[in-house]
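Visitor: Attaching a predicted model along with its sequence, questions to come.
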Amino acid sequence: MAEIIGKIGRESDGYRVVFEIDSRFSRREIWRAISDRTALASWLGKFSHDLAKGTAFTVEYLNDNDYRIEGEVLENSTLRTLDYTWKFGDYPASNVRFDLENGLISGTRVRLTVSGLDNADVVRAAATWHAQLEFLRSRLNHAEVPAYALRFRRDELVEPYRLQVERLGSEPDATNTVTPSRPARNNPMVSVLHSHAYLA
């Protein structure tokens, strides 16, 4: 099984982050977890509508903050592809795409691509979706996902993604903060990528 580590790359209009994970779970199990409103409410957030192609939706995060996401489903190919826009707060809209394939031997190969990210958003988005995939893994294993945990886990993951962007030759903007706990970015005691996160 591969660790959940996103790879940031450049696009013509900004950045993308790609997560590729091998999972022991079937495509049907993972598809339900990423597309069914009841399942999504246990690890990602409360979706206002079913994820049918062309449907606009809003999402309320599970934690106690007033976070709201708006999106629209661009593609829904059962057991294969789920693609939607994702607009969080004042950040530009990005694109979220799940692609599922059969694993080489068994299980499922999951590819999550988050694209259309700008310099001010790429680090935050990469760390956030990494944490969300860990929550997905917990949900698949029938483990509780504490709603407050997202911002803490995201803060732990910020530094390695910031370093990835730096290695690409462009330091993220100073506006790329990770509120409400911005100091965690520069805290030497923060452990990053300290545990393997498998979708199995």
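Guide: Received, thanks.
Visitor: how much space is there between Ala127 and Arg28?
Guide: Using CB to CB, to the nearest Å, we find Ala127 at a distance of 29 Å from Arg28. For the C-beta atoms, the positions are set from N, CA and C on the backbone; glycine is no exception.
Visitor: Compare the two and say which is more crowded by neighbours.
Guide: Ala127 (26 against 12; other CB atoms under 10 Å).
Visitor: Contacts only, for Leu112.
Guide: The contact partners of Leu112, taken as CB atoms under 8 Å, 6 or more residues apart in numbering, are 18-19, 21, 96-99, 129, 133.
Visitor: Okay, and which of the residues you listed map to helices?
Guide: In helices, defined here by DSSP state H, the members of the contacts of Leu112 are 129, 133.
Visitor: Please tabulate the contacts of Leu112 in TSV and include pLDDT and neighbour count as additional columns.
Guide: Formatted as TSV, the contacts of Leu112 follow (pLDDT from 0 to 100; neighbours: other CB atoms under 10 Å):
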residue	pLDDT	neighbour count
Val18	97	15
Phe19	97	22
Ile21	92	23
Val96	98	21
Arg97	98	17
Phe98	98	20
Asp99	98	15
Trp129	95	25
Leu133	94	20
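Visitor: Tell me the span between the first and last residue of stretch 90-104.
Guide: Using CA to CA, to the nearest Å, the end-to-end distance of stretch 90-104 comes to 40 Å.
Visitor: Going along the chain, name the strands of this protein.
Guide: Listed in chain order, the strands of the chain (DSSP state E) span 7-11, 14-23, 45-47, 56-61, 68-77, 81-88, 94-102, 108-117.
Visitor: Now distance to Arg167 too, for those strands, in CSV please.
Guide: Shown next, in CSV, are the strands of the chain (distance: least, CB to CB, whole Å):
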stretch, distance to Arg167
strand 7-11, 9
strand 14-23, 13
strand 45-47, 31
strand 56-61, 30
strand 68-77, 29
strand 81-88, 25
strand 94-102, 21
strand 108-117, 16
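Visitor: Compare these and give me the one nearest Ser138.
Guide: strand 14-23 (12.9 Å; CB to CB).
Visitor: of the contacts of Leu112, closest to Ile69?
Guide: Taking CB to CB as the measure, Ile69 sits nearest to Val96 out of the contacts of Leu112, at 9.9 Å.
Visitor: does that closest one really touch Trp86, like I thought?
Guide: Yes: the pair Val96 / Trp86 is scored as a contact, 4.7 Å apart, by CB atoms under 8 Å.
Visitor: joint contacts of the two?
Guide: The contact lists of Val96 and Trp86 share 71, 114, where a contact means CB under 8 Å, 6+ apart.
Visitor: Now do the same for Leu150: its pLDDT.
Guide: Reported pLDDT at Leu150 in the predicted model: 82.
Visitor: residues in contact with Ser26?
Guide: The contact partners of Ser26, by CB under 8 Å, 6+ apart, come to 107-108.
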